[in-house]
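Colleague: Build me a structure from this.
(2 chains)
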Amino acid sequence: MLERDGYLEIEEIERIPGFPGREALSRKKVAILECAQEIPCDPCEAACPRGAITVGSRITNLPAIDPERCTGCGTCVARCPGLAIFVIDLTKPDHDVVTMPYEYLPLPEAGQEVACLDRRGAMLGSGRVKRISTAKANDRTAVVTVEVPKGLGMEVRAIRVNGRVLAGELEGVKEPSKEGLLPQGPEDPDDMLICRCEEVTRKEIIEAIREGAVTVDAVKRRTRAGMGLCQGRNCGKTVSRLIAEELGKPVSSVPPASKRPPVRPVKLSVFAAGEDVPDDDK
Amino acid sequence: MKRISDHPILGPLPEAREVWITVDGERLQAREGEPILAALLAHGIHVQNISRKKKAPRGLFCGIGRCTGCVMTVDGVPNVRTCVTPVRDGMVIETQEGLGKWGDRK
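Modeller: Modelled structure (predicted):
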């Protein structure tokens, strides 16, 4: 589940308007827009030369694909800032073909064997790069077309290219050098700073909650968490969560801190409107 | 100097005028218009202020002007968020103690 795990399940994809439908997938190469969160974003709509993608007048609408207009050209793939668009061809007899955006280095070459990963990043098998496009219009997002094992066209959404090394796999750097580094965080989570500005620890906040401060404002009055330079921009959410955990209630039931203007820090001298105010503060 | 001169996605570092800033009394070269913090990190300076209560070193945290972790005293003005304040030639920048003090302004 996207909201819980960070990736879409196939059942979720089948419900969104960017899913071209099983019937279309069974007979043609077609784009699939795996876009399931209503964010204000619409470059895909303008990207399609055939008008097959519609977001509509509300920019937070999910994009819809018209499989009849879609030719599977793949122009949209590199244009999605969320890397959520793929072109799928399930019609070949001996393999499926997935066209995907790829933003890692090194880039694979045509013909190269690569590992196929699913939406979670789990390894599914090996595939072969059929084509890689680094066209200027793609703005440095490579578009890679991969032949994947038959039946996995709806599963493979990423590749792993040989030679790409993950930080955890490098020899000799598992224990990075401590030289020149600042002291690390505390061992005991109770000593963790929740409010960095006023330097209030988790322990102090939990104590305040146990003494009856069960709203963000109440914790703030008791501990000063949220009264520093950043005005609670960083700790507010963490404090809500600690309150919810302590009370065994959902976070949504914890009243948030009162919000007051200004939205960004403004020095009092600006309101006093002296001639004296440095340019940066105006 | 630690800088990424040719980023694989962002491309080569754009042209910028080299200017001089003074950091805790030391004259350092910086690129005009870059965030003050970027110039400091390029010179290996990671501590921007010393916290008020625990007297602990503080520096880059959010990098987008939200957390105030990297505030310093700039040209006599305390609590300037160095990650979102562009470098100008001749800036005088000081590591800040706690909430800092107003100093002499230019």
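Colleague: Just checking: what are the partner strands of the helix or strand hosting residue A:98?
Modeller: Using DSSP states H and E, residue A:98 sits within strand A:95-102. Paired with strand A:95-102 in the same sheet, following DSSP bridges, are strand A:85-89 (antiparallel), strand A:142-149 (antiparallel).
Colleague: pLDDT averaged over the first one - what is it?
Modeller: Averaged across strand A:85-89, the pLDDT comes to 98.
Colleague: The stretch 101-250 of chain A: helices as residue ranges?
Modeller: Under the criterion DSSP state H, counting those that start in this stretch, helices of the stretch 101-250 of chain A are mapped to A:202-210, A:216-223, A:236-247.
Colleague: Tell me the residues of the stretch 101-250 of chain A that contact chain B?
Modeller: Taking Cβ under 8 Å from any Cβ of the partner chain as the contact definition, the stretch 101-250 of chain A meets chain B at A:103, A:105, A:140, A:180, A:182-183, A:196-199, A:228-230, A:233-234. Backbone N, C-alpha and C define where each C-beta goes, glycine included.
Colleague: Excluding covalently adjacent residues, which one is nearest to whichever residue of the stretch 101-250 of chain A sits closest to chain B?
Modeller: Here the residue of the stretch 101-250 of chain A nearest chain B is residue A:229; by Cβ to the nearest Cβ that distance is 3.9 Å. Spatial nearest neighbour of residue A:229, chain neighbours left out: residue B:68 (3.9 Å); criterion: Cβ to Cβ, 6 or more residues apart in numbering or on different chains.
Colleague: which SS state does the one you found fall under?
Modeller: Here residue B:68 is recorded as coil under DSSP: H, G, I helix; E, B strand; the rest coil.
Colleague: Now do the same contact list for it.
Modeller: Residues near residue B:68 by Cβ atoms under 8 Å, 6 or more residues apart in numbering or on different chains: A:197, A:228, A:229, A:230, A:265, B:79, B:81.
Colleague: now swap in residue A:71 and tell me
Modeller: Residue A:71 neighbours (Cβ under 8 Å, 6+ apart): A:29, A:50, A:52.
Colleague: What subset of the contacts of residue B:68 is buried?
Modeller: Among the contacts of residue B:68, those buried by neighbour count (16 or more other Cβ atoms under 10 Å in any protein chain shown) are A:197, A:228, A:229, A:230, B:79, B:81.
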